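Colleague: When you get a sec, could you give me coordinates for this:
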Amino acid sequence: MTKMHLTVGPFLVSILFGIAFTCSGATSGSADKSGLEALLVKPFVRAEFVKQRKLAILTKPFVTQGYILFDRDKGMVWKTTAPVNDTLLITETSIRQFDGEKQTVVSDRNPVMTSISDMFLTIMSLDKDKILSVYELQSSGSDKQMYRLLPRDKRMQSIISYIQLVGADRIQSIEIMEKSGDSTRIEITNERYERAQLTADDRALLEKL
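Modeller: This is a model prediction of the structure:
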């Protein structure tokens, strides 16, 4: 395994997986799906994030921030701006690390990484039917609705305990717990919903997908 796989593999997992709130989940039903549909009504084209990555063996989380660009037809740009500058170009078939004009293919032949990227794109698509095709839904009502997603795929079940979406009328955070006990919480803010709101730099990055 190359150094790139050692570095980016856990990073891709950490994008997806986050700290879960303690709650009792109910089995998925029509009311749960209706609430989830309301939560997913606004797919964004750009959003800012703060990601807290916590390893089970450490007490202090590692915090990064940046922004996400999403195109349902092409894929996603995950741009970290602090404390490091890093860009991942994620599609259904590959994950590429981008540094200036240099691109490195990370996972086009790695089935685990491809599964992770596909599931991450599924979550970010905010497509209820697609999400429910690969996750079993549980929910717990509160001031902020919490929807717990259990992966149906056997390979992902060996990596992920669950993913949790939190929000009322928009996704406020994505929280996922890994089987290892490591976790990540992604807070999402400042969403933009129209492609016309993207900057020239944003559009240039999306063209690289």
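Colleague: all contacts plus neighbour counts: C-alpha atoms, from now on.
Modeller: Noted.
Colleague: Heading C-terminal from the strand or helix carrying K79, find the next helix or strand.
Modeller: Using DSSP states H and E, K79 maps to strand 75-82. Downstream of strand 75-82, the next assigned helix or strand under DSSP H and E is strand 86-90.
Colleague: now that following strand and strand 75-82, what's the angle there?
Modeller: Here strand 86-90 runs at an angle of 170 degrees relative to strand 75-82 (axes from the mean of the first three to the mean of the last three C-alpha atoms, to 10 degrees).
Colleague: Could you pull out the buried residues of strand 86-90?
Modeller: Using 16 or more other C-alpha atoms under 10 Å as the test for burial, strand 86-90 gives T87, L88, L89, I90.
Colleague: For those, could you give me CSV that also reports pLDDT?
Modeller: Shown next, in CSV, are these (pLDDT from 0 to 100):
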residue, pLDDT
T87, 89
L88, 86
L89, 87
I90, 85
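Colleague: so what's S180 up against?
Modeller: S180 makes contact with A56, I159 under the criterion C-alpha atoms under 8 Å, 6 or more residues apart in numbering.
Colleague: if I look at it, how far off is D127?
Modeller: From S180 across to D127, the span is 28 Å (C-alpha to C-alpha, to the nearest Å).
Colleague: now swap in Q157 and tell me
Modeller: For Q157, the distance to D127 (C-alpha to C-alpha) stands at 21 Å.
Colleague: Among these two, which residue is more densely surrounded?
Modeller: A count of neighbours by other C-alpha atoms under 10 Å puts D127 above the other of Q157 and D127, at 18 against 14.
Colleague: which stretches of the protein form strands?
Modeller: Per DSSP state E, the chain carries strands over the ranges 26-27, 46-54, 62-71, 75-82, 86-90, 95-99, 102-105, 135-140, 145-151, 160-167, 173-178, 183-192.
Colleague: Any chance of the backbone angles for E194?
Modeller: Torsion angles at E194 (phi, psi; degrees, to the nearest 10) stand at phi -120, psi 140.
Colleague: That one: what's its closest spatial neighbour, skipping adjacent residues?
Modeller: Among residues not flanking E194 along the chain, V45 sits closest, at 6.5 Å (C-alpha to C-alpha, 6 or more residues apart in numbering).
Colleague: Next up, the contacts around the one you found.
Modeller: Contact partners of V45, counting by C-alpha under 8 Å, 6+ apart, are I68, L69, F70, D71, E191, R192, Y193, E194, R195.
Colleague: Return a ChimeraX selection command for the buried portion of these.
Modeller: In ChimeraX syntax, the buried subset of those is picked out as below (16+ other C-alpha under 10 Å):
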select :68,69,70,71,191,192
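Colleague: Quickly name whichever of the contacts of V45 is closest to L121.
Modeller: F70 (8.8 Å; C-alpha to C-alpha).
Colleague: pretty sure that closest one contacts K79?
Modeller: No - using C-alpha atoms under 8 Å, F70 is not in contact with K79; the gap is 11.1 Å.
Colleague: Sweet, I'm off.
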